[in-house]
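>>> Sequence first, then the predicted structure, then my questions.
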Amino acid sequence: MSSSPDTPLLQLSGIVKHYGTVRALQGASLTVHPNEVVALVGDNGAGKSTVIKVISGVIQPDEGEIVVDGRPVSFSSPLDPRSHGIETVYQDLALAPDLDPAANLFLGREVLRGGLLGMLGMLDKPKMRRQADDAFARLSVGLQDTRSTVGTMSGGQRQGIAVARAVLWASRLVLMDEPTAALGVVQTGRVRALIESVREQGVSVVLVSHNLPFVFEVADRIEVLRLGQRVAAFTRAEATAERVLGAMTGALAEVPPGDPAPDTMIGSVIDAGADGISRVDDTGGVSGTRGMEA
Ligand SMILES: Nc1ncnc2c1ncn2[C@@H]1O[C@H](COP(=O)(O)OP(=O)(O)O)[C@@H](O)[C@H]1O
Ligand SMILES: [Mg+2]
């Protein structure tokens, strides 16, 4: 790949997606660099899952650009992002409950035996099992009995299997939509460890979550989606709960008092690099500078 080290791994810009009259995305953007964990946060209905579905090729945007390693791409089916090393952990995990963990890892991508048996469609189960055990070990997914069906396993174990499957196949980027939504404290800690080991393997992560304490623990950067547009981006060091929540709710939206056209302001990105963060001033008005997106 001829891209420079500064070239983002993935860049979405101006993504529009309508469902009938519902405007799910209204010019959404997202930037992911190599080897980075980006949290995508926003209120319910902000468009987070729609962004994930666009990147995973499940839905196609009406407008906008997707750029991988500096080159425009078109993701017209889930196979396209896969060919770029991008894998998704869906909110419902998309596991087959009647199969064991190894079979789930290779679902749809089974390894065939060599020679004639392979040509006849015979699976190389020992090889798949070895690779699966290796993937679970690398990610510290604790499975006491790897031959039980996934349906009998705990929520945390299932989460671990779904993440391990994504990581096994992802060479560049793993997308996770609400990975801790159904998990307890201990299991959430396990997902945090999984995300950290994914990054240690040089793979980036886009994490959708409304669990802000969790986001603050794992994310290198936080991008905020509101009403289908990116309204703010913070590094972990710059992010505070107040700032992130303010951007999520619009309380810190950088619309000057009395501005006649707030809709046109929503797409601006607060430049968290400079001290351009807008703040609500004492009089209830809003002050601060605004950096329009390039
Ligand atoms: N398949 C769909 N049909 C109609 N509206 C949808 C569909 N998917 C999402 N939406 C709408 O798009 C908006 C964004 O949804 P979503 O991306 O799921 O938000 P989030 O994940 O941030 O909660 C919401 O208003 C939602 O109701
Ligand atoms: Mg969602």
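Okay, I see it. Residues are numbered from 1 along each chain as shown. Ligands and ions are numbered 1, 2, ... in the order given.
>>> quick one: the helices in the chain?
48-55, 79-83, 101-105, 115-119, 125-138, 155-169, 185-200, 212-218, 241-249 (DSSP state H).
>>> Would you format the ones you listed as TSV with mean pLDDT and distance to ligand 1 included?
Heads up, the C-betas are built off the backbone N, CA and C, glycines and all. Formatted as TSV, these follow (pLDDT from 0 to 100; distance: least, C-beta to the nearest ligand atom, whole Å):
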stretch	mean pLDDT	distance to ligand 1
helix 48-55	96	3
helix 79-83	95	17
helix 101-105	92	25
helix 115-119	86	40
helix 125-138	87	28
helix 155-169	86	18
helix 185-200	84	18
helix 212-218	94	14
helix 241-249	94	10
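>>> possible to save those helices as a markdown table with mean neighbour count?
Compiled in a markdown table, these are given as follows (neighbours: other C-beta atoms under 10 Å):
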| stretch | mean neighbour count |
| --- | --- |
| helix 48-55 | 23 |
| helix 79-83 | 15 |
| helix 101-105 | 23 |
| helix 115-119 | 10 |
| helix 125-138 | 16 |
| helix 155-169 | 23 |
| helix 185-200 | 17 |
| helix 212-218 | 17 |
| helix 241-249 | 18 |
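>>> Could I get these in TSV, plus columns for distance to ligand 2?
Formatted as TSV, the helices of the chain follow (distance: least, C-beta to the ion, whole Å):
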stretch	distance to ligand 2
helix 48-55	3
helix 79-83	18
helix 101-105	23
helix 115-119	40
helix 125-138	27
helix 155-169	16
helix 185-200	17
helix 212-218	14
helix 241-249	14
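>>> Pipe those into CSV and attach distance to residue 69 per row.
Shown next, in CSV, are those (distance: least, C-beta to C-beta, whole Å):
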stretch, distance to residue 69
helix 48-55, 14
helix 79-83, 13
helix 101-105, 27
helix 115-119, 33
helix 125-138, 25
helix 155-169, 18
helix 185-200, 18
helix 212-218, 24
helix 241-249, 28
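>>> so which of those gets nearest residue 6?
helix 185-200 (18.5 Å; C-beta to C-beta).
>>> Only alpha carbons, please: show that closest one as PDB.
Extracted C-alpha coordinates of helix 185-200, given in PDB (Å, rounded to 0.1, in the frame of the first residue of the first chain):
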ATOM      1  CA  VAL A 185     -19.600  -5.500  34.900                       C
ATOM      2  CA  VAL A 186     -17.200  -8.500  34.700                       C
ATOM      3  CA  GLN A 187     -18.200  -9.300  31.200                       C
ATOM      4  CA  THR A 188     -17.800  -5.700  30.100                       C
ATOM      5  CA  GLY A 189     -14.200  -5.800  31.600                       C
ATOM      6  CA  ARG A 190     -13.600  -8.800  29.400                       C
ATOM      7  CA  VAL A 191     -14.700  -6.900  26.200                       C
ATOM      8  CA  ARG A 192     -12.400  -4.100  27.200                       C
ATOM      9  CA  ALA A 193      -9.500  -6.500  27.400                       C
ATOM     10  CA  LEU A 194     -10.600  -8.000  24.000                       C
ATOM     11  CA  ILE A 195     -10.500  -4.500  22.400                       C
ATOM     12  CA  GLU A 196      -7.100  -3.800  23.900                       C
ATOM     13  CA  SER A 197      -5.700  -7.100  22.500                       C
ATOM     14  CA  VAL A 198      -7.300  -6.300  19.100                       C
ATOM     15  CA  ARG A 199      -5.400  -3.000  19.000                       C
ATOM     16  CA  GLU A 200      -2.200  -4.700  20.100                       C
END
